[in-house]
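**Q** Task: produce atomic coordinates for the following.
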Amino acid sequence: MRVNLIDFNIAVGKHKPRTFQGMPNQSSCPFCDVKNLTGILATEGNIILLKNKYNVMEPSDQLVLIETDQCRSDIPEYSREHMRRLVRFGLSHWLTMVNSGDYQSVVFFKNFGPLSGGTLRHPHMQIIGFPKINPALMYEPEEFQGVPVITQNGVEVNISTQPRVGFTEINLNLTAAAYSSKVAFAEEKVQSPAPLPLPGAMDTLADYIQGAVAFLKEIHQRENFSYNLFFYIYQGRVHVRLMPRYPTSPLFIGYSIHLNPTNREQTAKQLREKLALI
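**A** Now for the predicted structure:
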């Protein structure tokens, strides 16, 4: 069976705090109680990287990246400078783990909203190092293809034509132009070491992520709108996927049938108009 499997420690997981309305075992937000945080690895202003107290996946090393000290905020509300600082900080620490040689795979992602798979409302991301997860099984290259939206500073945005699940999945792919001309990229799926993009490319990526999240929140008018950000490395370059989250289609869950929205061209036009103003 060509899948990655990992143990989830239920005994640890049942003690995780939950602050989304309607979830059981609600508690005060642990990320707001900064003075009692433990396992802090790095900080930059009010951005904090620390060890996850609830390391539920075994074997793995789970880190939490607290994005801000503003508990009820989210990416669209950040200042441009804060968003850029957050992306540079996150990419740097993620790629450091990727290139450490300690893990077979390192994932970097964000849950936001009650349907995203997370339990805490406070804006945060996660970086998880897996010693025994095969990166070649995490994605297919075709998933990064799509209807072109905009390209700048080596950052290419598209609306996926091979959605992972369905409904307005947005790709933000870094091309070779996002890196130093001294970097040579292989054609293989996985390349190590994975270089850090140029500062201008990281800033453009941050701007476009911020604009794309704001766009999704505008077109998906829901009080509990949820989404995920997933970061990948394909052929040595960073690729990001922004996915709105709804109750997942039973066709996908039961039969792996992906839903292909018919309004991609219209959505690409709308997103292009928004990102062109950044």
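
**Q** Now do the strands in the stretch 151-278 of the chain.
**A** Applying DSSP state E, counting those that start in this stretch to the stretch 151-278 of the chain gives strands spanning 155-160, 170-174, 226-234, 237-245.

**Q** now for the third one, which elements pack on it?
**A** If contacts are counted by 3 or more CB pairs under 8 Å, 6 or more residues apart in numbering; DSSP states H and E, strand 226-234 sits against helix 80-98, strand 105-112, helix 199-219, strand 237-245. All C-beta spots, glycine's among them, are computed from the backbone N, C-alpha and C.

**Q** how about a cut-off of 6 Å?
**A** Here strand 226-234 touches strand 105-112, strand 237-245, going by 3 or more CB pairs under 6 Å, 6 or more residues apart in numbering; DSSP states H and E.

**Q** The last one: partners in the sheet, and parallel or antiparallel?
**A** The one in question is strand 237-245. strand 170-174 (antiparallel), strand 226-234 (antiparallel) (DSSP bridges).

**Q** Show residues contacting it.
**A** Under the contact criterion CB atoms under 6 Å, 6 or more residues apart in numbering, strand 237-245 has outside partners 115-116, 144, 167-174, 212, 216, 220, 226-232.

**Q** Show me which of those residues are buried.
**A** Buried by 16 or more other CB atoms under 10 Å: 115-116, 144, 167-174, 212, 216, 226-232, out of those.

**Q** For the stretch 101-250 of the chain, which residues score under the pLDDT cut-off?
**A** The model of the stretch 101-250 of the chain has pLDDT under 70 over residues 189-192.

**Q** same thing but at 80, please
**A** The stretch 101-250 of the chain contains residues with pLDDT under 80 at 186-192.

**Q** what about residue 177, distance to residue 183?
**A** 11 Å (CB to CB, to the nearest Å).

**Q** cool, and residue 2?
**A** 31 Å.

**Q** Between those two, which is the more surrounded one?
**A** residue 183 (17 against 6; other CB atoms under 10 Å).

**Q** Who's the closest spatial neighbour of that one, skipping the chain neighbours?
**A** Among residues not flanking residue 183 along the chain, residue 195 sits closest, at 5.0 Å (CB to CB, 6 or more residues apart in numbering).

**Q** Next, format the helices and strands packed on strand 226-234 as CSV and append mean neighbour count and distance to residue 263.
**A** Putting the helices and strands packed on strand 226-234 into CSV (neighbours: other CB atoms under 10 Å; distance: least, CB to CB, whole Å) gives the following:
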stretch, mean neighbour count, distance to residue 263
strand 105-112, 22, 23
strand 237-245, 22, 13
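
**Q** Among those strands, which comes closest to residue 84?
**A** For the helices and strands packed on strand 226-234, proximity to residue 84 was assessed by CB to CB; strand 237-245 is nearest, at 14.5 Å.
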